[in-house]
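# A predicted structure for the sequence below; I have some questions about it.
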Amino acid sequence: MSFSSSQLHSAIDEGRFEDIAPQLDEEELQSSNPMVLTPDWPIAVHLLGHIYNGRLEDARFLWKRVPEAVKEQNPELAAAFRLLQMTWNKDYQAIWPALGGHAWSPEAAKVIAALHTKLRAHSLQLLSRSYSTISPAKAAVLLGASETELQPLAEQEGWKLDPTTKMFKVEERVVEDADYADLQHLERLSQYMVHLETDAIYVRQGSLNCRNQQQG
């Protein structure tokens, strides 16, 4: 293998999903092989790591660097790229089926599960800050939840269903100062769920950025 698989496995097993993409970026940069993105490289996990971190431009640059032959031979990478496209285009109705619509490998499945949990939790926070009332149908779409799943999620947030209007009365939760910076970061990944303005997208600097420009 041309990457530190033991470190990658440790990051996934220990739930340090935010470390996956930076670690693989560094491994790619340090490789002396200009064709390092071979079928042996965990490209789908690499791409999902960028999506998890909300660094969608980095994910797009990674996709551009992958040789066409590798793309054609990797169904999981294609599924990860479709997820990136939906995230980039703010196609919130399709994002949830895409998360569960592929038979992900064990490692990718752990990243997908973490991404699902992260999106669900912070989409709830964003809905609580963005709506005063919301219909169960719309909330279910935005949260990728079934009717069975929606009720406990709403109760968790303190939402009350008005028996007359059949609308949820949304209660905004207070965000602790210690969590505010993290919430701001996570909003960059979740904003497409509720049609908020898109934040500026971060682009890596240094050698990797130079390589992207050369290949673009």
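That came in fine, so what should we check first? Computed from a predicted model, the values in this text were never measured in an experiment.

# tell me where this protein has strands.
With DSSP state E, the ranges of strands along the chain come out as 133-134, 160-161, 168-169.

# and the last one, which strands flank it?
Sheet neighbours of strand 168-169, with direction, are listed as strand 133-134 (antiparallel), strand 160-161 (antiparallel) (DSSP bridges).

# other residues contacting the last one?
Going back to what we said before, that points to strand 160-161. Among residues not part of strand 160-161, those counted as contacts by C-beta atoms under 8 Å, 6 or more residues apart in numbering are 136, 154, 167-169, 171. Every residue, glycine included, has its C-beta placed from N, CA and C.

# do you know how far residue 111 is from residue 64?
21 Å (C-beta to C-beta, to the nearest Å).

# so between the two, which is more surrounded?
When neighbours are counted by other C-beta atoms under 10 Å, residue 111 and residue 64 differ, and residue 111 comes out ahead with 25 against 10.

# I'd guessed the more buried one sits against residue 45; true?
Yes: the pair formed by residue 111 and residue 45 meets the contact definition of C-beta atoms under 8 Å, at 6.1 Å.

# what residues do the two have in common as contacts?
Residues touching both residue 111 and residue 45 (C-beta under 8 Å, 6+ apart): 12, 20.

# residues contacting residue 73?
residue 39.

# got a pLDDT number for residue 125?
Looking at residue 125, its pLDDT stands at 83.

# the residue lying closest to residue 18 once chain neighbours are set aside: neighbour count?
The shortest distance from residue 18 to any residue that is not its chain neighbour, by C-beta to C-beta, 6 or more residues apart in numbering, is 5.8 Å, and that residue is residue 53. Residues lying near residue 53 (other C-beta under 10 Å) number 21.
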